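Visitor: Pasting a predicted model and its sequence here:
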Amino acid sequence: MKRLLLVLFALAAQLPAEVDLNRALPEVTLKDGRVLREVAIVGYSEHAVMARWAGDQGTLAYADLPVWLNTAIDHGNLRPIPKPKPQPPPAPAPVVAVPPVEQPHRGTLVQDLKPGSRTVLHGRRQGSQLFLRVNIEANGGNYLCECLVDTGATMTTVAKAQVPLEPTGRNDFTTANGQISMPFTKAAVTVGDITKEIGVAVAPTLRVNLLGANFFEDFVYTIDLENGAMYLVKR
């Protein structure tokens with residue numbers, strides 16, 4: 001038995017060196033029994049990884065990942081250091097609509113960034129959430145607003161009352177409550193010094209603007225809540 005334990009320990013110690021987290025993992029079996037295939041990890045936060053896999057994408061808690069994958073993540077020092085004593089979140093502050101500005105602000109287009117180039121986006125922390133200042137240019141209008149970073153949302157979505165974009169079509173979205181149809185338009189979205197042309201959904205009843213996965217899909221990113229920042233590396 002002792003010899004068997006030593007062999008198992010030696011095999012486990014080799015796992016981090018064999019796992020290349022820069023490539024899609026062929027198969028990952030979660031602790032709840034789900035089997036995900038072609039898993040690509042695109043970002044790390046304190047409590048979870050952001051990933052894409054065959055047929056879906058979303059957030060996977062470290063507690064649900066297999067031991068070998070958590071070991072590989074820790075071996076690469078990829079998990080942000082937990083904060084010792086987080087302060088209770090303040091009461092939610094209303095998002096103030098900003099009227100159109102005279103001169104649109106544009107940064108470097110994402111497709112013009114070189115692979116490996118790094119960008120830091122500075123924002124505002126509210127509890128366990130990060131808000132970024134965003135400039136949205138569409139249909140001849142230019143709007144400044146604050147957006148909650150929500151990489152679990154497929155598409156960037158704005159509240160109609162805060163960012164009065166005129167939709168040019170409708171699109172179907174998959175949510176936790178099922179399939180919904182929502183108006184959207186194409187827009188040039190600028191955060192910091194980078195700009196990306198993406199689809200932006202317009203929600204009549206939404207209270208908080210969401211900066212979704214379609215803005216970040218070209219980057220590997222890390223969320224740093226303590227410093228109110230996101231670190232992006234171009235794929």
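Guide: Happy to help now that I have it.

Visitor: Look up how far residue 126 lies from residue 199.
Guide: Note on residue 199: its distance to residue 126, by CB to CB, to the nearest Å, is 26 Å. Backbone N, C-alpha and C define where each C-beta goes, glycine included.

Visitor: and if you look at residue 219?
Guide: The value you get for residue 219 to residue 126, if CB to CB is used, is 23 Å.

Visitor: The two: which has the busier surroundings?
Guide: residue 219 (22 against 16; other CB atoms under 10 Å).

Visitor: Which strand residues bridge that one?
Guide: residue 234 (DSSP bridges).

Visitor: ditto for residue 199
Guide: Under the criterion used (DSSP bridges), residue 199 bridges to residue 186.

Visitor: Read off the pLDDT value for the most centrally placed residue in the chain.
Guide: In the chain, the centroid-proximal residue (CA atoms, centre = their mean) is residue 151; its distance is 2.9 Å. The confidence metric pLDDT takes the value 90 at residue 151.

Visitor: With residue 157 instead?
Guide: Taking residue 157 on its own, its pLDDT is 93.

Visitor: quick one: residue 57 from residue 23, how far?
Guide: Counting by CB to CB, the gap from residue 57 to residue 23 is 17 Å.

Visitor: where does the protein dip in pLDDT?
Guide: 1-18, 82-83, 93, 95-104, 174-178 (pLDDT under 70).

Visitor: got the residue ranges for the helices in it?
Guide: 2-18, 67-75, 213-216 (DSSP state H).

Visitor: Looking at residue 57 and residue 23, which is more packed in?
Guide: residue 57 (17 against 9).

Visitor: can you pull the contacts of the more buried one?
Guide: Residues near residue 57 by CB atoms under 8 Å, 6 or more residues apart in numbering: 50-51, 154, 213.

Visitor: just residue 117 next, same as before
Guide: Residue 117 touches 233-234, counting by CB under 8 Å, 6+ apart.

Visitor: Quick check, residue 215 in contact with residue 195.
Guide: No - applying CB atoms under 8 Å, one finds residue 215 not in contact with residue 195, separated by 10.0 Å.

Visitor: out of the two, which sits in the more crowded spot?
Guide: residue 215 (24 against 21).

Visitor: Could you dump the contacts of residue 57 into TSV and include distance to residue 227 and neighbour count?
Guide: Converted to TSV, these look like this (distance: CB to CB, whole Å; neighbours: other CB atoms under 10 Å):
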residue	distance to residue 227	neighbour count
50	19	22
51	24	21
154	27	19
213	22	21
